[in-house]
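Engineer: let me see the structure of the following:
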Amino acid sequence: MKIEIKPKPLTKEAFKKFGEVIEKEGRDSMMINRGSAEKFYEICNMDTNEKGGITTLHIYVGNKRKFPLLIDMLEKHPLFSQTFIPRSKEPFYCAVALGGREPDLSTLEIFETNGDQGVHYNKGVWHFPLICIKDKEEFFVLDRAETNKEDKLIVEQIEYNMKDEEIYLVRD
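Structural biologist: The predicted structure follows:
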């Protein structure tokens, strides 16, 4: 069966079961540095320390996707949360679902950011890889790095291939 999903606007309330919306709107702030800067604090809490992990910062450069986009797999990170903060100020999409060993596809939702928002996926949230609308979009990404390089048994990502489902992200 073919299912088409249109993205919905990313809001704090709609996204809360998957993680946090990274934005300043509606957040507490305080003036710091003798009034030269405003600090919006505790936007999200990274969860990366399990089994000796540390939080690390990456830069991802995403390529433009073709639409309608077949959502043919989902991935999750069982040991860490992951945060995407756009540098390009362009909207992007995120497809997310809840679940355990496999994603619960009845919870699959697709959100469109406004270009100023980022997303923080809670540990274990199923998601589709980065969905860019334009080419060469840059993101700061916070996630986990392994401190014990000799321990090759740690599973940092689990993929679920959706062989029997035809789920498409469609744009207006």
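
Engineer: low-confidence regions, the protein specifically.
Structural biologist: Counting by pLDDT under 70, the chain has low-confidence residues at 147-155.

Engineer: let's see it at 90
Structural biologist: 1-2, 41-42, 44-56, 79, 88, 143-157, 163-165, 172 (pLDDT under 90).

Engineer: ok, the residue of it most remote from its centre - contacts?
Structural biologist: Relative to the C-alpha centroid of the chain, counting by Cα atoms, centre = their mean, R34 is the outermost residue, at 34.4 Å. With Cβ atoms under 8 Å, 6 or more residues apart in numbering as the criterion, no residue contacts R34. In this view, the C-beta of every residue, glycine as well, is placed from N, C-alpha and C.

Engineer: buried residues in stretch 50-70?
Structural biologist: Of the residues in stretch 50-70, those buried under the neighbour-count criterion (16 or more other Cβ atoms under 10 Å) are 51, 53, 62, 65, 69-70.

Engineer: swap in stretch 70-77?
Structural biologist: Buried residues in stretch 70-77, counted by 16+ other Cβ under 10 Å: 70-71, 74, 76-77.

Engineer: nearest to F40, of the residues you listed?
Structural biologist: Using Cβ to Cβ, H77 comes nearest to F40 of the buried residues of stretch 70-77, at 25.4 Å.

Engineer: quick check: that closest one vs P91, distance?
Structural biologist: Applying Cβ to Cβ, to the nearest Å, one obtains 24 Å for the distance of H77 from P91.

Engineer: what do you get for K136?
Structural biologist: K136 is 15 Å from P91, where distance means Cβ to Cβ.

Engineer: now swap in E112 and tell me
Structural biologist: With Cβ to Cβ as the criterion, E112 and P91 are 6 Å apart.

Engineer: and for I158?
Structural biologist: Distance of I158 to P91, computed by Cβ to Cβ: 28 Å.

Engineer: and those two? Which one has more around it.
Structural biologist: Under the criterion of other Cβ atoms under 10 Å, the comparison of I158 against P91 puts P91 first, with 19 against 15.

Engineer: contact partners for the nearest residue to the more buried one once chain neighbours are set aside?
Structural biologist: With Cβ to Cβ, 6 or more residues apart in numbering as the measure, G115 is the residue that lies nearest to P91, at 4.7 Å, once sequence neighbours are left out. Contacts here follow Cβ under 8 Å, 6+ apart; on that basis G115 touches 86, 88-91.
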